[in-house]
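[1] prediction below, plus the sequence it came from.
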Amino acid sequence: MSIGMIRGLGTLVIFIAFVGMLLWVFNGKRKKDFEQAAMLPLVDDDAELSAKPAEEQQAKSQGKPAGEHP
């Protein structure tokens, strides 16, 4: 196997990975996740951190999974 063949195969692997990433990023099923991630810099950390444990404790005391509302 020559160095040219190895470089060609390496390029092919990188290209396939790139196409795979494009398909993953532009998949419509991921839109909600990406919109949520885009808002992370704007979220107030203190309010988010203090609200989550209280919500989880309340859900545990009621026997429901966290994040589920009545």
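    That came through fine. Residues are numbered from 1 along each chain as shown.

[2] use CA for all of it now, contacts and neighbours both
    Fine.

[3] and Lys31, how close does it get to Val25?
    To Val25, Lys31 is 9 Å away according to Cα to Cα, to the nearest Å.

[4] ugh, typo on my part, it should be Gln36
    From Gln36 to Val25 the distance is 14 Å (Cα to Cα).

[5] buried stuff in the helix or strand where Lys32 lies?
    Per DSSP states H and E, Lys32 falls inside helix 31-38. By neighbour count on 16 or more other Cα atoms under 10 Å, the buried set for helix 31-38 is empty.

[6] now do the longest helix seen in the chain against helix 31-38, angle only.
    Criterion DSSP state H: the longest helix present in the chain is helix 3-25. Angle of helix 3-25 versus helix 31-38, following axes from the mean of the first three to the mean of the last three Cα atoms, to 10 degrees, is 90 degrees.

[7] could we number from 2 for the rest of this?
    Renumbered: residue one is now 2, and that last one reads helix 4-26.

[8] buried residues in helix 4-26?
    Across helix 4-26, burial judged by 16+ other Cα under 10 Å covers no residue at all.

[9] render the CA-only coordinates of it in CSV, please.
    Taking C-alpha atoms only, helix 4-26 is exported to CSV below (Å, rounded to 0.1, in the frame of the first residue of the first chain):
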residue,chain,number,x,y,z
ILE,A,4,1.5,6.6,0.8
GLY,A,5,-0.9,8.0,-1.9
MET,A,6,-3.4,5.2,-1.2
ILE,A,7,-3.2,5.8,2.5
ARG,A,8,-3.8,9.5,2.1
GLY,A,9,-6.7,8.9,-0.3
LEU,A,10,-8.3,6.5,2.2
GLY,A,11,-7.8,9.1,5.0
THR,A,12,-9.4,11.8,2.8
LEU,A,13,-12.4,9.4,2.1
VAL,A,14,-12.9,8.7,5.9
ILE,A,15,-12.8,12.4,6.7
PHE,A,16,-15.3,13.2,3.9
ILE,A,17,-17.7,10.5,5.1
ALA,A,18,-17.4,11.9,8.7
PHE,A,19,-18.2,15.4,7.3
VAL,A,20,-21.2,14.2,5.4
GLY,A,21,-22.4,12.3,8.5
MET,A,22,-22.1,15.5,10.6
LEU,A,23,-24.0,17.5,8.0
LEU,A,24,-26.8,15.0,8.1
TRP,A,25,-26.9,15.0,11.9
VAL,A,26,-26.8,18.8,12.2
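
[10] much appreciated, bye for now.
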